[in-house]
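Chemist: Provide a 3D model corresponding to the input given below.
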Amino acid sequence: MNDLFEIMARMADRLEETRRRAESEVLHGSAGDGAVLVTMTLAGQLRRVTLDPAVARPDGVERLQHLLTEALNDALDGTRREVEQRLADLEPELG
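Modeler: Residues are numbered from 1 along each chain as shown. Below is the predicted model of the structure:
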């Protein structure tokens, strides 16, 4: 029975460590050949948006909105894939 509790405690520690890392590790998303870049944590928190001045024109608002959406979705997709992979890496320990 103690072995089970030890395994559960190790798993809880690993999950907490993974959560902490997800809050600080970042991924990037982009759109428009790099005209819009976003930086996001693995936990899904948006950290930065960088715009090429060429897309930040008053007459290009619709294009900018599209590029922002595309870049954010790119970053979110990357975070989902990374989190899924990390959880899959933990599965062997779960048995």
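Chemist: how about low-confidence regions in this protein?
Modeler: 1, 93-95 (pLDDT under 70).
Chemist: hey, where'd the helices end up in it?
Modeler: Taking DSSP state H as the test, the helices found in the chain are 2-24, 61-94.
Chemist: helices and strands around the shortest one, which ones?
Modeler: Spelled out, that is helix 2-24. Packing partners of helix 2-24 (3 or more Cβ pairs under 8 Å, 6 or more residues apart in numbering; DSSP states H and E): strand 36-41, helix 61-94. Using the backbone N, CA and C atoms, a C-beta is placed for each residue, glycine as well.
Chemist: and among the ones you listed, the most buried is which?
Modeler: Highest mean neighbour count of those: strand 36-41, a mean of 21 (counted as mean count of other Cβ atoms under 10 Å).
Chemist: and the angle for that one with helix 61-94?
Modeler: Strand 36-41 runs at 30 degrees relative to helix 61-94, counting by axes from the mean of the first three to the mean of the last three Cα atoms, to 10 degrees.
Chemist: follow-up on the earlier one: now the helices of the chain as a markdown table including distance to D33?
Modeler: Below are the helices of the chain laid out as a markdown table (distance: least, Cβ to Cβ, whole Å):
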| stretch | distance to D33 |
| --- | --- |
| helix 2-24 | 29 |
| helix 61-94 | 10 |
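Chemist: quick one: which of these is nearest T41?
Modeler: helix 2-24 (5.8 Å; Cβ to Cβ).
Chemist: Which of the helices and strands packed on helix 2-24 sits closest to E6?
Modeler: Comparing those under Cβ to Cβ, the one sitting nearest is helix 61-94, at 12.0 Å.
Chemist: now for the closest one, which elements pack on it?
Modeler: Where contact means 3+ Cβ pairs under 8 Å, 6+ apart, helix 61-94 is packed against helix 2-24, strand 26-31, strand 36-41, strand 46-51.
Chemist: residues making contact with stretch 85-95?
Modeler: I7, R10, M11, R14, L15, T18, A22 (Cβ atoms under 8 Å, 6 or more residues apart in numbering).
Chemist: end-to-end on stretch 43-61?
Modeler: 29 Å (Cα to Cα, to the nearest Å).
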